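In: please work out how this folds:
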Amino acid sequence: MGDRAGEDQLAGFARGRHAAYLQAMALELPRDYANQEVMHLTLAYFAVAGLSLLRALDWVNKDDIAEWILSFQVHPEANDDFDNGQFYGFCGSRTTQYPSNSVKDPCHNGSHLASTYSALAILKIVGYDVLNIDSKSLLLSMRNLQQPDGSFMPTHIGAETDLRFVYCAAAICSMLKDWSGMDKEKAKEHIINCQSYDGGFGMVPGSESHGGGSFCAVAALYLMGFIQPDLASNLRESALIDVQLLLEWCLQRQAADGGFQGRRNKPSDTCYAFWIGGVLKMLGAYHLIDHLALREFLFTCQTDFGGFSKFPEKAFPDIYHSYYGLAAFSLLGEDGVEPMCAELGIIATAAL
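Out: As a prediction, this is how the structure comes out:
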């Protein structure tokens, strides 16, 4: 591993160091991540998906990963009724699989939409056929999470409802090739109601436009078939959303330093190079950004240890921004980085 990492020079895209960092994170998370244990599957997604972008999946055991992921799925008991309100998806970690005195859930089912999305994405990336899992109970029970306004709760015991979970539900249905898990029309109306006056999408109706919310909105509509690719090429064509205003908002998020900000008056942040870049990619307007300036910004966030930091010139990477830094390089078409399916957040070959 050290020899492969050492092949990189300090300048340029440090593929070997990135792969070594993500391999280490896939095998054992540092103690600084202990307070994020409940989202272990999501952290694993960042590591495995990052390795796949680097064409370095051979650095980990894919069969072991698939077996580990499958161990987190919650299965209904033989006499369970899918109308009991529970969701039979994937738990986010070992601790969420066992009873907790702090959670009032006598059934103790820790399934979560974000964990379920992460689980399915990892399985597809490592080559496991997700159609072999118990998708019927997963999808039928997922309908219990959809609210009357079309939004989704992430778990049956209650939590916030925002566009992140509408996106997760749409991505789950898309990966399983079965849309019985949600009411697409209700979800569509909820998403439309989240578009703000300035063209971006807030996480909930009436909230400030946000890069992550805009990605979740556009990707969900794209996956559900309500918007078509390359909408930017024909702005005169009627669409469900205000595409021209959305394009203007997205393009205005590229800052003077070349990076992208997630909201107005915020500093550039590595992850928004993907969140907003992904929106522009789906709309067919990615060519309108300054690619060279973005690439240079991303290099200022690349660390000597491999991986990427949130902001430029920070000494240490984190797994979240490391993955999205690589995803941004994928959108840019960087040599040696695998093309990705932006709307699903996985490499293009895994999305087939």
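In: so what's the residue nearest to Gly333 when sequence neighbours are not counted up against?
Out: With sequence-adjacent residues excluded and distances taken as Cβ to Cβ, 6 or more residues apart in numbering, Gly333 is closest to Pro339, at 7.7 Å. Using the backbone N, CA and C atoms, a C-beta is placed for each residue, glycine as well. By Cβ atoms under 8 Å, 6 or more residues apart in numbering, the contact set of Pro339 is Ser330, Gly333, Ile347, Ala348.
In: any idea how far Pro339 is from Glu237?
Out: For Pro339, the distance to Glu237 (Cβ to Cβ, to the nearest Å) stands at 27 Å.
In: next: Phe260.
Out: Taking Cβ to Cβ, one finds Phe260 at 27 Å from Glu237.
In: can you give me the strands in the chain?
Out: 340-341, 346-347 (DSSP state E).
In: need the winner for burial among these.
Out: Of all these, strand 346-347 has the most neighbours on average by mean count of other Cβ atoms under 10 Å, namely a mean of 24.
In: what lines up beside that one in the sheet?
Out: Using DSSP bridges, the strands paired with strand 346-347 are strand 340-341 (antiparallel).
In: find the nearest non-adjacent residue to Ala255, please.
Out: Ser268 (4.8 Å).
In: can you report how many residues lie near that neighbour?
Out: Other residues lying near Ser268 total 24 when counted by other Cβ atoms under 10 Å.
In: pLDDT at it, what is it?
Out: Looking at Ser268, its pLDDT reads 98.
In: for it, give me its contacts.
Out: Ala255, Asp257, Gly258, Gly259, Phe260, Gln261, Phe297, Phe311, Pro312.
In: ok, now with 6 Å
Out: Ala255, Asp257, Gly259, Gln261 (Cβ atoms under 6 Å, 6 or more residues apart in numbering).
In: what's the closest of these to Leu246?
Out: Nearest to Leu246 among those is Gln261, at 15.8 Å by Cβ to Cβ.
In: re earlier: including distance to Ser214 and pLDDT, could the contacts of Pro339 go into CSV?
Out: Output for those, formatted as CSV (distance: Cβ to Cβ, whole Å; pLDDT from 0 to 100):
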residue, distance to Ser214, pLDDT
Ser330, 19, 98
Gly333, 22, 98
Ile347, 23, 98
Ala348, 22, 98
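In: so which of the strands of the chain gets nearest His291?
Out: strand 340-341 (16.1 Å).
In: any idea of the mean pLDDT in the closest one?
Out: 98.
In: what distance separates that strand from the centre of its chain?
Out: Between the centre of strand 340-341 and the centre of its chain there are 11 Å (Cα atoms, centre = their mean, to the nearest Å).
In: go on, stretch 153-164?
Out: 16 Å.
In: list the buried residues for that stretch?
Out: Met153, Pro154, Thr155, His156, Ile157, Thr161, Asp162, Leu163, Arg164 (16 or more other Cβ atoms under 10 Å).
In: so which of the residues you listed are in helices?
Out: Leu163, Arg164 (DSSP state H).
In: which member of the buried residues of stretch 153-164 is positioned nearest Gln147?
Out: Nearest to Gln147 among the buried residues of stretch 153-164, with distances taken as Cβ to Cβ, is Thr161, at 5.8 Å.
In: quick check: pLDDT value at the closest residue in space to the closest one that isn't next to it in sequence.
Out: Leaving aside its chain neighbours, Thr161 sits nearest to Ser151 (4.0 Å; criterion: Cβ to Cβ, 6+ apart). Looking at Ser151, its pLDDT stands at 98.
In: burial check on Ser151, number of neighbours?
Out: 23.
In: how much space is there between it and Leu176?
Out: On the measure of Cβ to Cβ, Ser151 and Leu176 end up 20 Å apart.
In: quick revisit: so which of Phe260 and Glu237 has more stuff around it?
Out: Neighbours of Phe260 and Glu237, each counted by other Cβ under 10 Å, are more numerous for Phe260; the result is 28 against 9.
In: dump the strands of the chain to TSV, plus distance to Met182.
Out: Listed next are these as TSV, based on distance: least, Cβ to Cβ, whole Å:
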stretch	distance to Met182
strand 340-341	20
strand 346-347	20
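In: Leu27: which of those is closest?
Out: Nearest of those (Cβ to Cβ): strand 346-347, 20.6 Å.
In: mind listing what the closest residue to Leu246 other than its chain neighbours touches?
Out: Nearest residue to Leu246, sequence neighbours excluded (Cβ to Cβ, 6+ apart): Gly199, at 4.4 Å. The contact partners of Gly199, by Cβ under 6 Å, 6+ apart, come to Asp242, Leu245, Leu246, Glu248, Trp249.
In: over to His112?
Out: Per Cβ under 6 Å, 6+ apart, neighbours of His112: Gly92, Pro154, Thr155.
In: how close does the last one get to Gly110?
Out: Translated: Thr155. 7 Å.
In: same thing with Met224?
Out: Distance of Met224 to Gly110, computed by Cβ to Cβ: 27 Å.
In: and these two? Which one has more around it.
Out: Gly110 (26 against 20).
In: can you pull the contacts of that one?
Out: Cys91, Thr96.
In: pLDDT value on it, please?
Out: 83.
In: wait, Leu163 sits on Gly213?
Out: Yes. Between Leu163 and Gly213 there is a contact under Cβ atoms under 6 Å: 4.9 Å.
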